[in-house]
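K.L.:
I would like to see how this sequence folds:
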Amino acid sequence: MLKTPAIVILGSASLATARRIQTRYPQAPVYGLQGRVEADIAYADFAATLRELYRSGTPIVALCAAGIVIRSLAPALADKEQEPPVLAVAEDGSAVVPLLGGLAGVNHLARDIAAIFGIPAAITTAGELRFGTCLLNPPDGYALADVDEGKRFVADLLGGEGVSVEGDAPWLAEARLPLREDAGRRIRVSCQSGADARELLIHPRALVVAVPAAAAE
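P.N.:
Below is the predicted model of the structure:
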């Protein structure tokens, strides 16, 4: 489940756009530079604020140039698998660019925000552009067994390998996967462990309910 994002602006020219985004995410506070714009939360240092949000795992919607966001977060970048979604939005809402957090749903967030302004998000992820879904970021209710193996699997598909699907994966029915009967690769949705080298294993998240012994008798 995606955490509530933080909307970060530098000046008053971005405030109207930030408020439009906030209508879609009512719990998302607007951070504004102290002394320059009145917002929900005031901050004194843009780069330090972005790094603090990033390290706390908070999704960041920054209404400024992408380069400013990249330079601000560069000292904090470490583990790709743990980073939150980070995207840049033009101050007039004319562009929405996902920057970080491909495994945390940044493209979904970008599309959601872009829809507010009636524009396409600037998606650059090769696998998602080709297949219409991010195989490395399954929807809620599913979890990828091994991210590193998943990256190799997606690279194989991008290289021309065919794929088959085994198990209950309704979201994949709408994807543009290279499905073939004689496929060399397989997506398997299963609670069982132990994927072979040709598989992308996705686990459905199981809900375990503990029943007191006395109640079970």
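
K.L.:
now do the helices in the protein.
P.N.:
Per DSSP state H, the chain has helices spanning 15-24, 46-55, 66-73, 106-116, 126-131, 147-158, 213-216. These are given in chain order.

K.L.:
now the longest one: average pLDDT?
P.N.:
Along helix 147-158, the predicted local confidence has a mean pLDDT of 86.

K.L.:
list the contacts of it.
P.N.:
Contacts with helix 147-158, where a contact means C-beta atoms under 8 Å, 6 or more residues apart in numbering, come from 81, 103, 126-127, 130-131, 135-136, 144, 163, 177-178, 184-185, 195, 199-201. All C-beta atoms are positioned from the backbone trio N, CA, C, and that covers glycine.

K.L.:
related to what we said a few turns ago, of the helices of the chain, which is nearest E38?
P.N.:
With C-beta to C-beta as the measure, helix 15-24 is the member of these nearest E38 (8.0 Å).

K.L.:
compute the inter-axis angle for the closest one and helix 106-116.
P.N.:
110 degrees (axes from the mean of the first three to the mean of the last three C-alpha atoms, to 10 degrees).

K.L.:
looking at helix 15-24 now, give me its mean pLDDT.
P.N.:
97.

K.L.:
try stretch 190-210
P.N.:
Per-region confidence: stretch 190-210 scores 75 on mean pLDDT.

K.L.:
what pairs with the closest residue in space to A122 that isn't next to it in sequence across the strands?
P.N.:
Spatial nearest neighbour of A122, excluding adjacent residues (C-beta to C-beta, 6 or more residues apart in numbering): V97 at 4.5 Å. On the basis of DSSP bridges, V97 is bridged to A88.

K.L.:
V97 reaches A88, doesn't it?
P.N.:
Yes: under the criterion of C-beta atoms under 8 Å, V97 makes contact with A88 at 4.7 Å.
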